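Trainee: Got a predicted structure here, sequence first:
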Amino acid sequence: MNTIKTPIIPIKKTFAKVEGSHELNLEAICVFSAIGFFLDTDTYWRDEITLAPGTKYVLDKDSYLLESKKWFQWHYSPRAISFEDALREFTKLLETIIEEQTVGKKVILPLSGGLDSRTQAVALREHPQVKSYSYAFEGGYAEDKIGKKIAEKCDFPFQSFSVKKGYLWSCIEELAVINTCYSEFTHPRQMAFIDEFKDLGNIFSLGHMGDLMFDSFGLDQLSFDEEVQVIIKMLLKKGGLELATSLWNSWGLEGIFENYFESRIRDLLKGFKIENTNAKLRAFKTQYSVVSWSSNNLAVFEKVLPITLPYYDNRMCEFICTIPEEYLANRQLQIAYIQQKAPDLAKITWQGNKPFNLTNFHLNKVPYNLPYRVTNKLKRELNSLLGKPFVSRNWELQFVGKENDKQLRKWLFESDLKELVPNVLIQQFYDNFKEKNAVKYSHPVSMLLTLALFQKKFNK
């Protein structure tokens, strides 16, 4: 027998066998197509599940599930503490976790224009061996310039990478093996320069999950039915419902996909004994979206070197459950931490509020931001006229342009995808992407591409 205790936020999937026939779980694949990840413990197969977070399992020698019991339940138990006390606790906890994870290591720190990696940079500032990097889309916003400024203030050696147009096609089969086709392929941008990581250090310090933990959805208290609808809207990708419904109908599944999906969300949301709407939605998204989507893409980093994630630590999860929601809203704890410990970093542009920074982002409103917005719009329009359209979305690098289209068509129409998805549907969603609305139909096309790789690599 094998006993497994999963962490609150697992970094990687662990699979177990259950009773049933070894056939595709078509209902689960429809949900996957709609939202971009498998819901709960679903997998591609009816006789296989993933182990849920925060749970103790007993498996037999052949990995069949014998019993399970939750050891952690998300909760909202806010303490009567001041913001200053919460900040002191956050500071000590974050710095303790990062020190434990990185002591004696040569740390690689990805730096973005946001807050999570900047918060880590503050905690790692006195670490003797940190190298950093950032990247920018070819033809997109120069996010690496912000990363470079942060690195310079911290005296971190810095390297800038460019995410080139069409990089995916030379590594898509390798990526399919790395993420096992449990998430689509346009988001792991690190694949564009994965071979260059090894020279930077021997361990990653990654900031995933910080933006969810240290913010609030900003919603009033909602009824259960309203919460269900918010989650459905939050999870469904553009064009995802249309693709899932088309697959559901083409496979002759019973009932209506939309009803099935809502029923699943209702059942899962009932499992959270949290009254506060914002805390409940954070718990739901962490347990299902983060675990099944964000964590799956971490495999790209792990392919090269070990990874550490301070915000994934069980102690950080427990801490969040006890902090009043008003202290978590609007990234207050992270901003106050940076302002207090590294005011020079606080004065560097915050990408989400550019051109403002952590000391004046409250001015990101009319009329104060009008000069930047007007100038930026004119610059984009001029570049577009010059044949240099601005790139801001992952799929634009992979699906737009003649060579990209050639590769995309090869995988959609010259692969075994047609054995799983009727060719008429493949053609329909491809045509919708090309001729109707590329933004809306980029997700369905990306999911069909994922299923094409699944068919080649795992469904033989």
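Mentor: Cool, the structure landed.
Trainee: Am I right that Glu435 is in a strand?
Mentor: No: assessed with DSSP: H, G, I helix; E, B strand; the rest coil, Glu435 is helix; it does not lie in a strand.
Trainee: Model confidence at it, what's the number?
Mentor: Note on Glu435: pLDDT of 94.
Trainee: in the stretch 301-450 of the chain, which ranges drop under the pLDDT threshold?
Mentor: Low-confidence segments of the stretch 301-450 of the chain (pLDDT under 70): 380-391.
Trainee: Could you list the domains of this protein?
Mentor: Under automatic domain parsing, the residue ranges defining each domain of the chain are 2-70, 83-214+289-360, 370-457.
Trainee: residues contacting the residue most central in space within the chain?
Mentor: Closest to where the C-alpha atoms of the chain average out (CA atoms, centre = their mean) is Ser294, at 3.6 Å. Contacts for Ser294 (CB atoms under 8 Å, 6 or more residues apart in numbering) come out as His208, Met209. Where you see a C-beta, it was placed from the backbone N, CA and C, and this is true even at glycine.
Trainee: For Leu219, see how far away it is.
Mentor: As judged by CB to CB, to the nearest Å, Ser294 and Leu219 stand 22 Å apart.
Trainee: can I assume the residue nearest to the centre of the chain sits in a strand?
Mentor: No: using three-state DSSP, the assignment for Ser294 is helix, not a strand.
Trainee: got a pLDDT number for it?
Mentor: pLDDT at Ser294 comes out at 85.
Trainee: Packed most tightly, which of the domains of the chain would that be?
Mentor: domain 83-214+289-360 (a mean of 19; mean count of other CB atoms under 10 Å).
Trainee: so what's the closest residue to Gly114 other than its chain neighbours up against?
Mentor: Excluding its sequence neighbours, the residue lying closest to Gly114 (CB to CB, 6 or more residues apart in numbering) is Gln351, at 5.7 Å. Shown in contact with Gln351 (CB under 8 Å, 6+ apart): Ser112, Gly113, Gly114, Tyr141, Glu143, Ile146.
Trainee: likewise Gln455?
Mentor: Ser415, Asp416, Leu417, Glu419, Leu420 are the contacts of Gln455 under CB under 8 Å, 6+ apart.
Trainee: gap between the last one and Lys164?
Mentor: Right, Leu420. Leu420 sits 31 Å away from Lys164, going by CB to CB.
Trainee: Identify the farthest-apart pair in the contacts of Gln351.
Mentor: Longest distance between any two of the contacts of Gln351 is 12.4 Å, between Gly114 and Tyr141; criterion CB to CB.
Trainee: for this structure, longest strand please?
Mentor: Longest strand of the chain, by residue count under DSSP state E: strand 130-137.
Trainee: Can you name the residues in contact with that strand?
Mentor: With CB under 8 Å, 6+ apart as the test, strand 130-137 has contacts from 106-112, 121, 124, 142-148, 150-151, 154, 156-163, 189, 192-193, 200-201, 391-392, 396-397.
Trainee: for the closest residue to Phe319 other than its chain neighbours, what are its contacts?
Mentor: Leaving aside its chain neighbours, Phe319 sits nearest to Leu93 (5.8 Å; criterion: CB to CB, 6+ apart). The contact partners of Leu93, taken as CB under 8 Å, 6+ apart, are Arg315, Met316, Phe319.
Trainee: Make TSV from the domains of the chain and add distance to Lys273 to it.
Mentor: TSV is the format used below for the domains of the chain (distance: least, CB to CB, whole Å):
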stretch	distance to Lys273
domain 2-70	12
domain 83-214+289-360	12
domain 370-457	33
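Trainee: Can you tell me which of the ones you listed is nearest to Lys233?
Mentor: With CB to CB as the measure, domain 2-70 is the member of the domains of the chain nearest Lys233 (11.2 Å).
Trainee: Quick one: the strands in the stretch 151-300 of the chain, in order.
Mentor: Assigned by DSSP state E, counting those that start in this stretch, the strands in the stretch 151-300 of the chain fall at 158-163, 203-205.
Trainee: Where among these is average confidence lowest?
Mentor: Of all those, strand 158-163 has the smallest average pLDDT, which comes to a mean of 89.
Trainee: Report all helices and strands that it contacts.
Mentor: strand 130-137, helix 143-154 (3 or more CB pairs under 8 Å, 6 or more residues apart in numbering; DSSP states H and E).
Trainee: want to throw the ones you listed into JSON lines with mean pLDDT and distance to Trp411?
Mentor: Output for the helices and strands packed on strand 158-163, formatted as JSON lines (pLDDT from 0 to 100; distance: least, CB to CB, whole Å):
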{"stretch": "strand 130-137", "mean pLDDT": "90", "distance to Trp411": "22"}
{"stretch": "helix 143-154", "mean pLDDT": "93", "distance to Trp411": "29"}
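Trainee: Enumerate the beta-bridge partners assigned to the residue lying closest to Tyr64 once chain neighbours are set aside.
Mentor: Ranked by CB to CB, 6+ apart and with sequence neighbours excluded, the top spatial neighbour of Tyr64 is Lys17, at 4.6 Å. Per DSSP bridges, the residues bridged to Lys17 are Glu48, Tyr64.
Trainee: What's the separation between Met209 and Leu268?
Mentor: For Met209, the distance to Leu268 - CB to CB - is 19 Å.
Trainee: Torsion angles phi and psi at the closest residue to Lys198 other than its chain neighbours?
Mentor: Nearest residue to Lys198 in three dimensions, chain neighbours excluded: Val304, at 6.1 Å (CB to CB, 6+ apart). Dihedral angles of Val304 (phi, psi; degrees, to the nearest 10) stand at phi -100, psi -50.
Trainee: Correct me if wrong: Val304 contacts Glu196.
Mentor: No: in this structure Val304 lies outside contact range of Glu196 using CB atoms under 8 Å: 9.4 Å.
Trainee: Which residues are in contact with each of the two?
Mentor: When contacts are counted by CB under 8 Å, 6+ apart, Val304 and Glu196 have no shared neighbour.
Trainee: Nearest to Leu253, out of the domains of the chain?
Mentor: Minimum separation from Leu253 across the domains of the chain (CB to CB) falls at domain 2-70, 6.0 Å.
Trainee: Show the average pLDDT along the closest one.
Mentor: 96.
Trainee: Distance across that domain, terminal residue to terminal residue?
Mentor: Start-to-end span of domain 2-70 (CA to CA, to the nearest Å) is 16 Å.
Trainee: and what of stretch 420-434?
Mentor: 22 Å.
Trainee: Could you check how far it is from the centre of its chain?
Mentor: When distances are taken as CA atoms, centre = their mean, to the nearest Å, stretch 420-434 is centred 26 Å away from the chain's centroid.
Trainee: tell me the contacts of His443?
Mentor: Gly36, Glu184, Lys237, Lys238, Gly239, Gly240, Leu243.
Trainee: neighbours around the last one, how many?
Mentor: Put plainly, it is Leu243. 25 (other CB atoms under 10 Å).
Trainee: Look up how far Val445 lies from it.
Mentor: For Leu243, the distance to Val445 (CB to CB) stands at 9 Å.
Trainee: Now the common contact residues for these two.
Mentor: Phe429.
Trainee: Would you format the contacts of Leu93 as TSV with secondary structure and distance to Tyr44 included?
Mentor: Output for the contacts of Leu93, formatted as TSV (DSSP: H, G, I helix; E, B strand; the rest coil; distance: CB to CB, whole Å):
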residue	secondary structure	distance to Tyr44
Arg315	helix	34
Met316	helix	31
Phe319	helix	35
